[in-house]
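Student: Quick one, structure for this:
(one chain, ligands or ions: 1)
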Amino acid sequence: MIPQLDDRNLLRQAALVAGIWVEPNADAIEVCDPATGELVGRVPRLGAEETRAAIEAARVAQPGWAALTAKERSQILRRWFDLVIANKEDLGRILTAEQGKPLREAIGEIVYGASFIEWFSEEARRVYGDVIPGHQPDKRIMVLKQPVGVVAAITPWNFPNAMITRKVAPALAAGCAIVLKPASQTPFSAVALALLAEQAGVPKGVFSVVTGAARAIGSEMTANAIVRKLTFTGSTEIGAELYRQSAPTIKKLGLELGGNAPFIVFDDADLDAAVEGALIAKFRNNGQTCVCANRIYVEDGVYDAFAEKLSTAVGKLKTGNGFDEGVVLGPLIDHAALEKVEEHIRDAVLKGGKLRQGGARHSLGGTFFEPTVLADVTRDMLIAQEETFGPVAPLFRFKGEADVIEQANATEFGLASYFYAQDVAKVFRVAEALEYGMVGVNTGLISTAEAPFGGVKLSGLGREGSKYGIEEFLETKYVCIGGI
Ligand code: ADP
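Tutor: Residues are numbered from 1 along each chain as shown. Now for the predicted structure:
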């Protein structure tokens, strides 16, 4: 549905290309509410030409932006943060309308997304170089940190706000200009962010939002030599394609790709805490996050008790339209997502998996699916190997530390991992042995602006957030000063 907003202007049906607002024509992208199928609004279907124009404007605008003092950039980012927070209810409503997640969770995402703007407004002033003792008596070595220049960003639909701020805020803080292509399912959150950035004082051309054809825009972003860095969040398949396309121009790359997160419950875990953590790690955003627990390993001694407690808790989760009171699970993003969930369950049940809770399409119809717990899951099942991206908790049984570490690491992905245990020595051993970019110990929620988010193996390159996040948008230049 069309959200009821305090400020109607925030649902801007346009793209922002090179400082100019471009209205949709007859061939526009129609954005629909996944809960109802109703039209939310339209944005222009742009392509290579507009992307090129945005990149060119970024090239022209970037040196002036970089020439501001860090404090000036910081203050503009701070104003942007303040505007986002002041409009968090409206931004949350726009997000729920286009993405489906419950309104409370959507507003939570706005606050989380804004925290990256706040963090990088602060980090902008702490970009330090070095002075290194010279290798000869008359020489000094100076290291400068400079913005990489023009950045291109491509973002997915599962976090229509936060995936953008995690990329745009550090880029702007570092002194880069950026051209963004948001997911076509959820462009309005991105457009609203650009509108507020403009109001905050981000100069024309420094931040463009190009909506439209993914392949055409992506091809221009990767082929264009002006773009020095590409930052992408999405599937490993598309990430690899963009990696290949970026090779001829040797771009820097930030890739946040798929995951297949293990969530391990050891015998000595606090079971209630583990159930609570599993609910968050598995069912947040209806299972549609790249850090969602995808494989839940429970040690033999507590397996039945954990399965019982989790099934009871999952049975109480309310599914529905994200605008309705008390709803904690919205619809899945589209029918393809629904079919993948069904396929994973069908395959598991065929191979001996047992449904403990849910397992079918929801009576609400559309793309709603019952929150599901599946027991007796084994490694030969599809669900063990691929990211489900839906509300299904598959329970695996294990015996001992070595067994579970072997199983947990037996994947080509390496983004998030979680485990629950009390023994301190075990906590250290397991945290060190897990081949993942991130490990949550006795917690199901690890993402925050202060910490480096990112993966290893097929889960990607680079880190977002934290002091490491701004480094990704900086080049290191060495200046040798002789004749001293
Ligand atoms: P998801 O399953 O999360 O949609 P995708 O990798 O398909 O993951 O999409 C993530 C983002 O990448 C979206 O903005 C999408 O439009 C964009 N995208 C998809 N295909 C391409 C492509 N060939 N080139 C550039 N961007 C693409």
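
Student: So which bits of the chain are right by the ligand?
Tutor: Applying the criterion CB under 6 Å from any ligand atom, the portion of the chain that neighbours the ligand consists of 154-157, 181, 183-184, 214-215, 218, 234-235, 238, 241-242. Any C-beta I mention is one placed from the backbone N, CA and C, and that applies to glycine too.

Student: which residue sits closest to Asn224, ignoring its sequence neighbours?
Tutor: Nearest non-adjacent residue to Asn224, counting by CB to CB, 6 or more residues apart in numbering: Ile55, 5.3 Å away.

Student: count of neighbours near the residue of the chain found nearest the ligand?
Tutor: Of the residues in the chain, the one nearest the ligand is Gly218, at a distance of 2.2 Å by CB to the nearest ligand atom. The number of residues packed near Gly218 is 21, by other CB atoms under 10 Å.

Student: How about the secondary structure of the residue nearest to Asn224?
Tutor: Three-state call for Ile55 (DSSP: H, G, I helix; E, B strand; the rest coil): helix.

Student: who touches it in this structure?
Tutor: Shown in contact with Ile55 (CB atoms under 8 Å, 6 or more residues apart in numbering): Val150, Ala152, Val179, Glu220, Met221, Asn224, Ile226, Val227.

Student: if we go to 10 Å?
Tutor: Shown here is Ile55, whose contacts under the criterion CB atoms under 10 Å, 6 or more residues apart in numbering are 18, 150-152, 177, 179, 205, 208, 210, 220-221, 224-227.

Student: One more: Lys354?
Tutor: Lys354 neighbours (CB under 10 Å, 6+ apart): Ala307, Ala348, Val373, Leu374, Ala375, Asp376, Val377, Leu395.

Student: Can you list which of those are found in helices?
Tutor: Ala307, Ala348 (DSSP state H).

Student: Looking at the contacts of Lys354, which one is closest to Tyr418?
Tutor: Top of the list for closeness to Tyr418, among the contacts of Lys354 and by CB to CB, is Leu395 at 14.1 Å.

Student: What is the burial count for that closest one?
Tutor: 24.

Student: Can you pull the phi and psi angles for the residue most central in space within the chain?
Tutor: To find the centre residue of the chain, average its C-alpha atoms and take the closest one (CA atoms, centre = their mean): that gives Met163, at 4.5 Å. Met163 adopts backbone torsions of phi -70, psi -20, taken as degrees, to the nearest 10.

Student: And the one 5 residues further on, by the same measure?
Tutor: Val168 adopts backbone torsions of phi -70, psi -40, taken as degrees, to the nearest 10.

Student: send the alpha carbons of stretch 165-175 over as CSV?
Tutor: As requested, C-alpha coordinates have been extracted for stretch 165-175 and formatted as CSV (Å, rounded to 0.1, in the frame of the first residue of the first chain):
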residue,chain,number,x,y,z
THR,A,165,24.4,4.1,4.4
ARG,A,166,27.2,1.5,5.1
LYS,A,167,28.6,2.3,1.7
VAL,A,168,27.7,6.0,1.0
ALA,A,169,28.7,7.4,4.5
PRO,A,170,32.3,6.1,4.5
ALA,A,171,32.7,7.0,0.9
LEU,A,172,31.6,10.6,1.5
ALA,A,173,33.5,10.8,4.8
ALA,A,174,36.7,9.8,2.9
GLY,A,175,36.1,12.5,0.3
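
Student: mind listing what's buried in it?
Tutor: Buried residues in stretch 165-175, counted by 16 or more other CB atoms under 10 Å: Thr165, Arg166, Lys167, Val168, Ala169, Pro170, Ala171, Leu172, Ala173, Ala174, Gly175.

Student: quick one: the strands in the stretch 1-150 of the chain?
Tutor: If you assign secondary structure with DSSP state E, counting those that start in this stretch, the strands in the stretch 1-150 of the chain sit at 15-17, 20-22, 29-32, 39-43, 130-133, 140-147, 150-154.

Student: low pLDDT regions in this protein?
Tutor: Low-confidence segments of the chain, defined by pLDDT under 70: 1.

Student: can we see that at 50?
Tutor: Low-confidence segments of the chain, defined by pLDDT under 50: none present.

Student: From the structure, what's the count of residues near Trp21?
Tutor: The tally of other residues near Trp21 (other CB under 10 Å) stands at 16.

Student: no no, Gly400
Tutor: Look at Gly400: counted by other CB under 10 Å, it has 12 neighbours.

Student: so who does it touch?
Tutor: Taking CB under 10 Å, 6+ apart as the definition of contact, the neighbours of Gly400 are Phe266, Asp267, Glu299, Asp300, Glu406.

Student: if we can go back for a sec, tell me which element the residue of the chain closest to the ligand is part of?
Tutor: Using DSSP states H and E, Gly218 falls within helix 214-223.

Student: Who does the helix or strand following that helix pair with, and is each partner parallel or antiparallel?
Tutor: In the C-terminal direction, the helix or strand that comes right after helix 214-223 (DSSP H and E) is strand 227-233. According to DSSP bridges, the neighbouring strands of strand 227-233, each with its direction, are strand 150-154 (parallel), strand 252-256 (parallel).

Student: Just the residues contacting the very next helix or strand once past strand 227-233, thanks.
Tutor: Scanning the chain past strand 227-233 towards its C-terminal end, the next helix or strand to appear is helix 236-246 (assignment: DSSP H and E). The set of residues that contact helix 236-246 without belonging to it, under CB under 10 Å, 6+ apart, is 152, 154, 156, 214-215, 218-219, 221-223, 227, 229-235, 251-253, 255-259, 290, 387, 412-413, 455, 457-461.
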